[in-house]
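Asker: A structural model of the following input is requested.
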Amino acid sequence: MQQIMTALPARETSFHARAAAATVADVMRPPPTTVNQHDHVAAAAYLMKHAGTTALMVVDAQTGQPAGIITEADVARAIADGRDVNSTWVGAVVTTRPAVTATTGIRETATIMTTRHFRHLPVAGDAGLLGVVDIIDVCKALIGAAEG
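Answerer: I've put the predicted structure just below:
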């Protein structure tokens, strides 16, 4: 899938104006490995390990839209709760997340992430999952805006 990029205005002067002008499209990554709600948690953990990631986007198999996210913490909680990860569906442990759009501002995304304690957010569009943004992407964009 192609990454969407937009240009920042060239004449912004203040930190807050530059950070407000940046959008998720400027920092999002292509969609990572995905799972659906009817995959087993063990399969999700396997995919995380081999993809070198700490989270997978969960997509609705019929619509292609983000249904949530499964993270290492979700897998650990399932294990700690005594669930068998080989027979537990991803849908039973998924953390439902709001999806941001490519036009969502960086500051708004930072607010969502900090108030709801999210480290990753799916980026959705009409066609489904466009990509993912994580807290490091957002911090780098805010730091870059402060330095620029």
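Asker: Okay, the residue sitting nearest the centre point of the chain and residue 98: tell me how far apart.
Answerer: Nearest to the mean C-alpha position of the chain, by C-alpha atoms, centre = their mean, lies residue 121 at 2.6 Å. Separation of residue 121 from residue 98 (C-beta to C-beta, to the nearest Å): 7 Å. In this view, the C-beta of every residue, glycine as well, is placed from N, C-alpha and C.
Asker: Overlap in contacts, these two.
Answerer: Jointly contacting residue 121 and residue 98 under the rule C-beta atoms under 8 Å, 6 or more residues apart in numbering are residue 112.
Asker: thinking again about what came up before, are we agreed that the residue nearest to the centre of the chain is in a strand?
Answerer: Yes. Residue 121 sits within a strand when classified using DSSP: H, G, I helix; E, B strand; the rest coil.
Asker: so it bridges to which residues?
Answerer: As for beta bridges, residue 121 partners with residue 133 under DSSP bridges.
Asker: Tell me the confidence at it?
Answerer: pLDDT, residue 121: 90.
Asker: And residue 20, by the same measure?
Answerer: Residue 20 is assigned a predicted lDDT (pLDDT) of 49.
Asker: Also residue 44?
Answerer: 97.
Asker: Let me see the backbone angles for it.
Answerer: The phi/psi pair for residue 44 (degrees, to the nearest 10) reads phi -60, psi -40.
Asker: Next up, the contacts around it.
Answerer: 35, 56, 70, 75, 90.
Asker: roughly how far apart are it and residue 55?
Answerer: From residue 44 to residue 55 the distance is 10 Å (C-beta to C-beta).
Asker: Return every residue with contacts to both of those two.
Answerer: Shared contacts of residue 44 and residue 55, defined by C-beta under 8 Å, 6+ apart, comprise residue 70.
Asker: ok, which stretches of this structure are strands?
Answerer: Assigned by DSSP state E, the strands in the chain fall at 34-36, 55-59, 66-71, 120-125, 128-134.
Asker: Check the ones you listed for me and report the most buried one.
Answerer: Stretch with highest mean neighbour count among the strands of the chain: strand 55-59 (a mean of 26; mean count of other C-beta atoms under 10 Å).
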